[in-house]
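Peer 1: please find the sequence and the predicted model below.
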Amino acid sequence: MRYSNWLKCGVVMATVLATPAMASTDAVQDNTQEQTAAVADIVVTAQRREQRLQEVPLAVSAFSMESLQDSKVESLVSLDGKIPNVVLAPVGAYPFASAFYIRGLGFADVESSFEPSVGVELDGVYLSRNVGAVQDFFDVGGVTILRGPQGTLYGRNTIGGVVSVQSRRPSFDFGARGQLTFGSNGRQELRAGVEGALIDDTLAGKFSLLAKSYDGYVKNFDGRDMGAQDVTSMRGALLWTPTANFDATLIVDYTKDEGTGPGTENASLPGMVLPGFGQPADADGKPYLTHIGDDVFSNLEAYGLALNANWDLGAVKLTSITGYRKTDTNVLSDFDSTPIKFMTVHRDETHEQFSQELRLSSNSEGPLTYVVGAYYMTQEYEIGTGQFGLVFGGPDAGDVIHTTQKADSWALFGQADYEIIPNLTLTAGGRYSKEEKTFTTQPLFYPNSKTFDASFDDFSPKFGISYKWSDTLMTYAQYSRGFRAGGFNGRAGSFEAVGPYDSETVDSFEIGVKSDLFNRRLRLNASAFTSEYKDMQQSVQQLIPGTNINQTLVANVGSASITGFEAEATALLTDALTLTATVGYLDAAFDDFTADLGDGLGLIDRSNLPMTYAPEWSNSVTLNYKKMYDFGQVTAQASARYASDMYTSFNALNAVSDFAVRKANTIVDGSIALELPDGRWRVSLWGKNLTDEVIINNTFGVGPLLAARVYQPPREVGVDLSFTF
């Protein structure tokens with residue numbers, strides 16, 4: 001642990017902690033003045049019960065349906081940069097998969113044998129794979145993001161944090177709504193929904209639809225659109241309230257997404273194999289022009305079901321969450337991004353999961369509140385990954401890797417909060433997890449398959465203390481441990497390389513403050529933290545011995561330390577103008593990292609390599625203006641998001657090259673909307689990346705063979721026409 005860096009965070013944190021304490025005195029003195037406006041309260045269920053955000057002793061960010069609409073948030077990726085120390089990016093070369101990182105911990109691979117580091121849940125159902133996590137938003141009621149290890153209150157344990165998406169629940173009042181969108185690059189979208197009572201006061205229903213057509217923002221040299229999409233999504237929901245103390249919500253969703261896949265660019269370095277075939281890195285200076293030769297495509301079909309039931313038993317409440325998801329993907333990628341058939345990858349996968357969570361929580365006022373629960377999940381996938389091209393000796397040479405896995409997970413978890421004296425609360429919790437995996441693989445050019453078994457278990461504790469100095473000021477400190485199970489290498493080139501690799505753990509320490517100041521016209525929340533990463537799982541690339549074929553493996557390479565600071569502020573500058581600002585700082589580095597990375601240097605110390613998706617600074621500022629006039633309500637918003645340099649893929653070359661770096665950048669977005677006085681009609685003009693910055697999404701290498709690059713969209717503008725009845 002680097003004590004000097006932690007000391008810096010501690011000094012900054014101490015200053016922040018002291019400032020609200022002094023400012024709150026002024027607020028108390030002004031209580032006799034008439035209060036005309038205040039920062040709105042946000043109710044979250046981060047601790048599995050409804051609480052004001054300011055009463056939750058955790059680093060939590062929440063976005064309401066209204067704020068998502070004002071910011072033109074279309075998916076979780078649209079929130080990237082709006083939360084300190086959180087990166088929400090797509091994998092890039094694989095259009096449906098997420099590369100989500102929180103406080104430097106994350107996962108940027110589509111291989112299903114690897115466990116995600118950041119948990120994504122939809123309506124309380126954990127998505128066990130990152131494929132499908134970046135689908136378009138529609139009919140969403142809110143998003144909550146928790147930073148740091150989570151497990152004592154959540155069915156599935158995560159080491160980085162949790163991103164929770166909640167659908168809108170049905171209403172017993174009849175309503176219909178719709179939105180048409182027209183924008184750059186052929187964007188055409190229809191969002192529509194209808195809801196109402198099916199049986200008065202007992203059964204309500206809702207149905208919503210998204211239809212989207214998009215040409216993509218990259219052109220191929222032969223005129224093809226790259227990044228094109230045709231999306232159809234539907235969601236139906238039923239709310240059943242047979243008695244005053246019981247409710248159940250059933251949500252069923254379906255998505256079909258057909259497209260061309262991203263427009264990748266050849267970014268190979270001179271010493272790699274691909275330039276030796278007469279295909280050096282693309283140097284035309286046109287990031288949105290590619291030279292892909294294969295007829296690439298990317299198709300996804302996903303089904304989901306979530307059943308949430310709550311039974312109020314008086315002193316306690318019983319909650320059941322049942323989830324099922326099935327995802328089919330079929331993707332053909334031209335990894336070399338050139339007209340020649342050097343390396344084509346065809347990935348065909350089917351994944352299914354079923355989960356059941358039961359929770360019992362206290363339901364009465366008193367010094368003791370608690371949640372205890374049990375969780376079970378079973379999942380199974382089958383993947384065929386074909387690799388073909390000149391790298392194997394001829395344009396059509398190659399083979400298919402076949403892998404399957406069945407995994408079962410069990411957990412018992414709980415957390416108790418006890419107010420030992422007025423305003424001073426102690427927290428203690430724990431989670432026991434057990435996972436069993438059965439993995440079968442048939443590597444490239446192998447005539448037979450082989451099956452492997454492994455099991456992993458862990459106990460992760462949590463302890464905390466919080467104190468409410470007043471109704472507008474709370475401080476807290478906590479320790480928590482996160483656990484990520486070990487597993488097998490789905491891209492192993494031999495049976496000897498399959499594994500298993502071991503589990504990893506993260507020990508996180510955090511102190512924080514939550515405050516409402518100046519008659520609640522300023523909200524300031526801040527935290528400082530340090531995390532110790534042990535038995536770290538790191539994805540590394542190596543050549544299969546005796547060949548020029550690449551394999552990606554996970555190895556337990558050592559340890560890392562991450563320290564940081566983050567703050568979020570919301571200020572009412574006037575009754576109509578709100579300023580929101582965030583600041584995030586990270587110092588992330590390996591402490592101990594010994595590995596063979598296939599670069600010919602052997603098994604050596606690699607602790608000088610940078611960690612990926614861990615920008616030192618991530619800041620944002622947003623101005624939101626909302627005011628009612630005689631002709632209607634005007635809403636205008638402008639935001640700027642800044643992130644410093646960060647590495648977007650892990651590679652041994654990162655020690656001597658910045659080819660995988662996303663340079664420091666600032667993205668400016670804006671919108672202006674008019675809603676007519678009756679509240680039924682709304683028109684909004686919006687723009688993203690208004691300064692037309694050229695920003696790398698990610699650059700990834702395939703061992704010594706090649707490197708490819710994907711860019712984020714250039715400036716895009718559009719108009720939304722909405723109605724509500």
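Peer 2: Cool, the structure landed.
Peer 1: does V400 touch G386 like I think?
Peer 2: Yes: using Cβ atoms under 8 Å, V400 is in contact with G386, at 4.4 Å. Placement of C-beta: from N, CA and C, glycine included.
Peer 1: before we move on, which element is T403 in?
Peer 2: Using DSSP states H and E, T403 falls within strand 394-421.
Peer 1: average pLDDT for that strand?
Peer 2: Average pLDDT, strand 394-421: 95.
Peer 1: in terms of secondary structure, what does that strand contact?
Peer 2: Applying 3 or more Cβ pairs under 8 Å, 6 or more residues apart in numbering; DSSP states H and E, we find strand 394-421 packed against strand 368-389, strand 424-442.
Peer 1: give the buried residues for the first one.
Peer 2: Yep, that's strand 368-389 we're talking about. By neighbour count with 16 or more other Cβ atoms under 10 Å, strand 368-389 contains the buried residues 369, 371-373, 375, 377-389.
Peer 1: returning to that earlier point: of the helices and strands packed on strand 394-421, which is nearest L318?
Peer 2: strand 368-389 (10.2 Å; Cβ to Cβ).
Peer 1: tilt between that closest one and strand 424-442?
Peer 2: Calculated by axes from the mean of the first three to the mean of the last three Cα atoms, to 10 degrees, strand 368-389 forms an angle of 30 degrees with strand 424-442.
Peer 1: so which residue is dead centre in the protein?
Peer 2: Centroid-nearest residue in the chain, with Cα atoms, centre = their mean: F100, separated by 4.1 Å.
Peer 1: what number of residues lie near T232?
Peer 2: By other Cβ atoms under 10 Å, the residues close to T232 number 14.
Peer 1: just to revisit the earlier point, any chance of the helices and strands packed on strand 394-421 in TSV, plus mean pLDDT and distance to W686?
Peer 2: Listed next are the helices and strands packed on strand 394-421 as TSV, based on pLDDT from 0 to 100; distance: least, Cβ to Cβ, whole Å:
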stretch	mean pLDDT	distance to W686
strand 368-389	95	38
strand 424-442	96	42
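Peer 1: turn these into CSV, including distance to A454.
Peer 2: Below are the helices and strands packed on strand 394-421 laid out as CSV (distance: least, Cβ to Cβ, whole Å):
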stretch, distance to A454
strand 368-389, 15
strand 424-442, 6
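Peer 1: of all those strands, which one is nearest L58?
Peer 2: That would be strand 424-442 among the helices and strands packed on strand 394-421, by Cβ to Cβ, at 10.0 Å.
Peer 1: so what secondary structure elements neighbour that closest one?
Peer 2: Packing partners of strand 424-442 (3+ Cβ pairs under 8 Å, 6+ apart): strand 394-421, strand 450-470, strand 473-484.
Peer 1: and it with strand 473-484, angle?
Peer 2: On the basis of the same axes, to 10 degrees, strand 424-442 is oriented at 20 degrees to strand 473-484.
Peer 1: parallel or antiparallel, list what pairs with strand 424-442.
Peer 2: Applying DSSP bridges to the sheet, strand 424-442 is found paired with strand 394-421 (antiparallel), strand 450-470 (antiparallel).
Peer 1: any chance of those strands in CSV, with distance to L444 and mean neighbour count too?
Peer 2: Output for these, formatted as CSV (distance: least, Cβ to Cβ, whole Å; neighbours: other Cβ atoms under 10 Å):
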stretch, distance to L444, mean neighbour count
strand 394-421, 5, 17
strand 450-470, 14, 16
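Peer 1: of those, which is nearest R147?
Peer 2: Nearest of the strands paired with strand 424-442 to R147, taken as Cβ to Cβ: strand 450-470 at 14.3 Å.
Peer 1: next SSE after the helix or strand of the chain with the lowest mean pLDDT?
Peer 2: Within the chain, no helix or strand scores below helix 3-29, which has a mean of 36 by mean pLDDT, DSSP states H and E. Next helix or strand after helix 3-29 toward the C-terminus (DSSP H and E): strand 43-44.
Peer 1: next helix or strand past that following strand?
Peer 2: strand 51-52.
Peer 1: measure V554 to S722 for me?
Peer 2: To S722, V554 is 46 Å away according to Cβ to Cβ, to the nearest Å.
Peer 1: and whichever helix or strand S539 is part of, which strands flank it?
Peer 2: Assessed by DSSP H and E, S539 sits inside strand 522-543. Using DSSP bridges, the strands paired with strand 522-543 are strand 504-517 (antiparallel), strand 550-572 (antiparallel).
Peer 1: any idea how far it is from the middle of the chain?
Peer 2: Centre-to-centre, strand 522-543 and its host chain are 14 Å apart (Cα atoms, centre = their mean, to the nearest Å).
Peer 1: just the buried residues of it, please?
Peer 2: Quick answer for strand 522-543 (16+ other Cβ under 10 Å): 522-543.
Peer 1: what's the mean pLDDT across it?
Peer 2: Here strand 522-543 scores 90 as its mean pLDDT.
Peer 1: how about stretch 278-286?
Peer 2: 93.
Peer 1: stretch 661-680 now?
Peer 2: Stretch 661-680 shows a mean pLDDT of 96 in the predicted model.
Peer 1: same check on stretch 312-321?
Peer 2: In this model, stretch 312-321 has a mean pLDDT of 94.
Peer 1: next one: stretch 471-482
Peer 2: According to the model, stretch 471-482 has a mean pLDDT of 95.
Peer 1: list the buried residues for it?
Peer 2: By neighbour count on 16+ other Cβ under 10 Å, the buried set for stretch 471-482 is 472-478, 480-482.
Peer 1: for K468, find the nearest of the helices and strands packed on strand 394-421.
Peer 2: In terms of Cβ to Cβ, the element of the helices and strands packed on strand 394-421 nearest to K468 is strand 424-442, at 8.1 Å.
Peer 1: list the buried ones in the closest one?
Peer 2: Neighbour-count burial for strand 424-442 flags 425, 427, 429-431, 433, 435-442 (criterion: 16+ other Cβ under 10 Å).
Peer 1: chain center to it: distance?
Peer 2: Here strand 424-442 is found 20 Å from its chain centre; the criterion is Cα atoms, centre = their mean.
Peer 1: and for stretch 131-138?
Peer 2: With Cα atoms, centre = their mean, you get 10 Å for stretch 131-138.
Peer 1: and that stretch, what's buried?
Peer 2: Neighbour-count burial for stretch 131-138 flags 131-138 (criterion: 16+ other Cβ under 10 Å).
Peer 1: C-alpha coordinates for stretch 559-575, PDB please?
Peer 2: The C-alpha coordinates for stretch 559-575 follow below in PDB (Å, rounded to 0.1, in the frame of the first residue of the first chain):
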ATOM      1  CA  SER A 559      -1.700  -7.800  -6.000                       C
ATOM      2  CA  ALA A 560      -2.600  -4.100  -6.500                       C
ATOM      3  CA  SER A 561      -3.500  -1.100  -4.500                       C
ATOM      4  CA  ILE A 562      -6.000   1.600  -5.500                       C
ATOM      5  CA  THR A 563      -6.600   4.800  -3.600                       C
ATOM      6  CA  GLY A 564      -8.900   7.600  -4.500                       C
ATOM      7  CA  PHE A 565     -11.300  10.400  -3.700                       C
ATOM      8  CA  GLU A 566     -14.600  11.400  -5.200                       C
ATOM      9  CA  ALA A 567     -17.200  14.100  -4.600                       C
ATOM     10  CA  GLU A 568     -20.600  15.000  -6.000                       C
ATOM     11  CA  ALA A 569     -22.300  18.400  -5.600                       C
ATOM     12  CA  THR A 570     -25.700  19.700  -6.500                       C
ATOM     13  CA  ALA A 571     -26.400  23.400  -6.100                       C
ATOM     14  CA  LEU A 572     -29.600  25.400  -6.800                       C
ATOM     15  CA  LEU A 573     -28.100  28.600  -8.300                       C
ATOM     16  CA  THR A 574     -31.600  30.000  -8.700                       C
ATOM     17  CA  ASP A 575     -35.000  28.400  -8.400                       C
END
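Peer 1: alright, that wraps it up for me.
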